[in-house]
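K.L.:
Please find the sequence and the predicted model below.
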Amino acid sequence: MAAAQEMVGLARITRPVLQVAAEPVSLPVIDLGQLRKHSRTRSLAIQEIGRACERHGCFQVINHGIHESVTWGALEAASDFFNLSSEEKAEFESKDLRKPVRYEAVYKNDCHKARELLKHYAHPLGEWIHFWPMTPQRYRERMGRYGRVVRKIALLLMDSILESLGLGPAYLKEKLEEGMQVMVMNGYSERSRSAPVLGLAPHSDYGCITILLQSCKGLHIFDEESECWREVPEVPDTLHVHIGDHLEVMSNGKYKRLVHRAVLNSRTRTSIASIHGLSMNEKVTTAEELVDEQHPKGYRDSSFLDFLDFITSKNKTGGSNFIDSLMLTGN
Ligand SMILES: O=C(O)CCC(=O)C(=O)O
Ligand SMILES: [Fe+2]
């Protein structure tokens, strides 16, 4: 990677220039209304979802039925939280990844705040909401409302994704309904610089699917086919959906996790990643239906708690990604 130098205070620092393809990516757009219909329209939409998952690891969703006041309410609640004083936010500061609510400010080596995040569990809502911040005043109400509706969409999408893999309609239904939802609110501050900088490093998400709501563009995805980073264009009223590590495991690698990152431009940006999976201690296993002689089981079983153990030990020792740790050798 090329490197650019710039002066920050008195220190000269070296930072990598962000490489990105000139053309933003063109992603499949799924009309959610079609999934709610029966018969041929629905099965065509499911096929389209299957192709999107296989080719891109992600897609965009329109006609999702979430009212603009709910999405903007949630984004505003997150941004109002990030605008609280450092003392108010400090109450939630913790390095313990198992805390029901956790706030963290991530600084770059030039001491600029790159990203603030607030992470909390959201399903079952009644179990978690009383841990959430009480200020800003309407935080719980607005985030709770969005969390509830986005979860319904996640269940509908998971159902369709599993069907596109040829797994029956009852496959994992109950386990998904009882499953976990983690909401990650990200705040990226405005930067008065001409070149974009990395706000969130490349990674994949651990659950089955993530639904991302964003106030403006800034999400980049790694396109495996062209082997380059591409910007996801800003399309109003769409939700971005991508595949996480556990769906790759379930599908025996047919649908790959999406590697993505967030980039800071000259605007303040807020995003909410809603991550959905099985419950915390439920092991995710590869569907037997997708294992045969040509496609031997490629991944070890693991749960969300295993993931937390993995990143806790990785924070201490450095090392590989979670999904790499699950790969069975010989595949
Ligand atoms: O801010 C974004 O666009 C990405 C956020 C994200 O990837 C995450 O929270 O896992
Ligand atoms: Fe992510």
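P.N.:
Great, that's in hand. Ligands and ions are numbered 1, 2, ... in the order given.
K.L.:
switch to C-alpha atoms for all contacts and neighbour counts from now on
P.N.:
Fine.
K.L.:
so when I look at Leu44, I'm seeing a strand, right?
P.N.:
No - assessed with DSSP: H, G, I helix; E, B strand; the rest coil, Leu44 is helix; it does not lie in a strand.
K.L.:
Who does the residue of the stretch 151-300 of the chain found nearest ligand 1 form a beta bridge with?
P.N.:
Nearest to ligand 1, among the residues of the stretch 151-300 of the chain, is Leu219, at 4.3 Å (CA to the nearest ligand atom). Note on Leu219: beta-bridge partners Ala262, judged by DSSP bridges.
K.L.:
Now do it against Gly207, distance only.
P.N.:
Noted for Leu219: a distance of 18 Å to Gly207, by CA to CA, to the nearest Å.
K.L.:
Of the two, which one has the most company?
P.N.:
Gly207 (25 against 21; other CA atoms under 10 Å).
K.L.:
What lies in contact with stretch 218-229?
P.N.:
Identification of contacts with stretch 218-229 by CA atoms under 8 Å, 6 or more residues apart in numbering yields 19-21, 56, 230-232, 258-265, 269.
K.L.:
any weak-confidence spans in the stretch 101-250 of the chain?
P.N.:
109-111, 191-194 (pLDDT under 70).
K.L.:
Where do the helices of it begin and end?
P.N.:
125-128, 139-164, 173-177, 245-250 (DSSP state H, counting those that start in this stretch).
K.L.:
how about JSON lines for the ones you listed, with mean neighbour count and distance to Leu212 added?
P.N.:
Shown next, in JSON lines, are the helices of the stretch 101-250 of the chain (neighbours: other CA atoms under 10 Å; distance: least, CA to CA, whole Å):
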{"stretch": "helix 125-128", "mean neighbour count": "12", "distance to Leu212": "19"}
{"stretch": "helix 139-164", "mean neighbour count": "19", "distance to Leu212": "10"}
{"stretch": "helix 173-177", "mean neighbour count": "14", "distance to Leu212": "19"}
{"stretch": "helix 245-250", "mean neighbour count": "26", "distance to Leu212": "16"}
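K.L.:
For my notes, please list the ones you listed in a markdown table and give distance to Met183 for each entry.
P.N.:
A markdown table is the format used below for those (distance: least, CA to CA, whole Å):
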| stretch | distance to Met183 |
| --- | --- |
| helix 125-128 | 11 |
| helix 139-164 | 8 |
| helix 173-177 | 16 |
| helix 245-250 | 17 |
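K.L.:
and Asp223, what are its bridge partners?
P.N.:
Cys228.
K.L.:
tell me which parts of the stretch 151-300 of the chain are close to ligand 1?
P.N.:
Counting by CA under 6 Å from any ligand atom, the stretch 151-300 of the chain comes close to ligand 1 at Val184, Asn186, Asp205, Gly218, Leu219, Arg261, Ala262, Ser271, Ala273.
K.L.:
What about the residues you listed, which one has the most neighbours?
P.N.:
Busiest of those [other CA under 10 Å] is Asn186, holding 27 neighbours.
K.L.:
Now do the same contact list for that one.
P.N.:
Neighbouring residues of Asn186 by CA under 8 Å, 6+ apart: Ala78, Arg115, Glu116, Leu117, Leu118, Thr270, Ser271, Ile272, Ala273.
K.L.:
Can you tell me which of these end up in strands?
P.N.:
Using DSSP state E, the subset of the contacts of Asn186 located in strands is Arg115, Glu116, Leu117, Leu118, Thr270, Ser271, Ile272, Ala273.
K.L.:
Backbone dihedrals for the closest residue to Glu234 other than its chain neighbours, please?
P.N.:
Leaving aside its sequence neighbours, Glu234 sits nearest to Lys217 (CA to CA, 6 or more residues apart in numbering; 5.1 Å). Main-chain dihedrals, Lys217, degrees, to the nearest 10: phi -70, psi 170.
K.L.:
hmm, back to that, can you turn the buried part of the contacts of stretch 218-229 into a PyMOL selection?
P.N.:
If you want just the buried ones from the contacts of stretch 218-229 in PyMOL, going by 16 or more other CA atoms under 10 Å, the selection is:
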select buried, resi 56+230+231+232+258+259+260+261+262+263+264+265+269
